[in-house]
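[1] Can you look at this prediction? I've put the sequence above it.
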Amino acid sequence: MRAPAEAEILAPSFPGMSRWVNVAMLRMDKQLGRPVLVEFWDFCRVNSLRTLPYMQEWHERYADAGLRVVGIHTPGFEASRDVDAVKAAVARLEISYPVLIDNELKAWDAYGIEGWPSRYLWNQESRLFEFHFGEGGYAETELAIQELLGIEREPVAPVRPEDEPGILLPAQTADQPGAWSGPYEAGGVWAVLSGSGSVRANGEPIEVTHPGCYPLVEHPHHTTGVLELEVGDGVVCEAVCFTPGVAPA
């Protein structure tokens, strides 16, 4: 969504004394003269994971043209509060742009964030140019980046069918706390897991080797199903989460 021209919203500063990954430190006031794309995310939230391919591709496509991409990792689960786990996740997910570790929620509060993922595109004068909450809106964000950089090219192709611009998706089941089992409607089922061991989802074993969001069940389209989740010794399940799917034809 484009920011109202009359709003003149200036980018908040990055919190001082923050920990960073992939860079020693960044200051927002040192980014004047270049557009900056900021996204708040959590490696334990599946909707954050689903936006990462776009963020990474925009970094690779436009960094040389002047775009600065910054991920702000603000934890929403106990499993994602550990600094070493965040660093390991950035490496595992092959994120190459700078990531600020916002464990104290200082950046989160400065922006007034209400959920993950949330992304903000700031222009060369550090004024808000475009923003989006949640998944989707990828083409709009990339076209806004191109406008600021004076570049024209075909936007990144949708990673999933449900990412197609303008598509209407059925509502999926709401996220559930803990090691939940029961009926659901969704395109996929995930769990926030930590520890070491295994779980079984509808009889299928899944090995847990690090904290993160693990796929339990995946469907080719929006489906009604029943989850039977068994959590083994040594594993903690903080939540069961659902992703959207395209309605069957």
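    Looks like it arrived, so ask away.

[2] quick one: contacts for Thr209?
    Thr209 makes contacts with Ser196, as judged by CB atoms under 8 Å, 6 or more residues apart in numbering. All C-beta atoms are positioned from the backbone trio N, CA, C, and that covers glycine.

[3] can you do 10 Å?
    Contacts for Thr209 (CB atoms under 10 Å, 6 or more residues apart in numbering) come out as 193, 195-198.

[4] Just read off the phi/psi values of it.
    phi -120, psi -10 (degrees, to the nearest 10).

[5] and the strand of greatest length in the chain, which strands flank it?
    Counting by DSSP state E, the longest strand found in the chain is strand 212-227. Using DSSP bridges, the strands paired with strand 212-227 are strand 182-195 (antiparallel).

[6] which is the next helix or strand following the strand it pairs with?
    strand 197-201 (DSSP states H and E).

[7] one step back: out of the contacts of Thr209, who's nearest Pro220?
    Pro220 has its nearest neighbour among these in Leu193, at 24.0 Å by CB to CB.

[8] thinking again about what came up before, and the contacts of Thr209 as TSV, adding pLDDT?
    Below are these laid out as TSV (pLDDT from 0 to 100):
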residue	pLDDT
Leu193	98
Gly195	97
Ser196	96
Gly197	98
Ser198	98
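
[9] What is the nearest of these to Trp122?
    Closest to Trp122, out of all of those and judged by CB to CB, is Leu193, at 35.0 Å.

[10] before we move on, back to that, give me the average confidence score over the longest strand of the chain.
    For strand 212-227, mean pLDDT rounds to 97.

[11] Look up how far Phe77 lies from the spatially most central residue of the chain.
    Centroid-nearest residue in the chain, with CA atoms, centre = their mean: Ser48, separated by 1.9 Å. Per CB to CB, to the nearest Å, Ser48 is found 11 Å from Phe77.

[12] intersection of neighbour lists for these two?
    With CB under 10 Å, 6+ apart as the test, Ser48 and Phe77 both reach 42, 213.

[13] circling back: would you verify that the residue nearest to the centre of the chain is located in a helix?
    Yes - remark: Ser48 belongs to a helix, assigned using DSSP: H, G, I helix; E, B strand; the rest coil.

[14] Without its sequence neighbours, what residue ends up closest to it?
    Of all residues not flanking Ser48 in the chain, Trp41 sits nearest, at 3.8 Å (CB to CB, 6 or more residues apart in numbering).

[15] For that neighbour, the count of nearby residues, please.
    Trp41: 24 surrounding residues under other CB atoms under 10 Å.

[16] Name only those of the contacts of Thr209 that count as buried.
    193, 195, 198 (16 or more other CB atoms under 10 Å).

[17] could the residues you listed go into CSV alongside distance to Ala24?
    Listed next are the buried ones among the contacts of Thr209 as CSV, based on distance: CB to CB, whole Å:
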residue, distance to Ala24
Leu193, 32
Gly195, 32
Ser198, 39
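
[18] just the strands in this protein please.
    19-21, 36-41, 68-73, 99-101, 118-122, 128-133, 176-177, 182-195, 197-201, 204-208, 212-227, 229-231, 235-243.

[19] what does the first one contact?
    Residues outside strand 19-21 that contact it (CB under 10 Å, 6+ apart): 14, 25-26, 70-71, 73, 83, 86-91, 95, 97-103.

[20] Next, check the residues you listed against the helices and list the overlap.
    83, 86-91 (DSSP state H).
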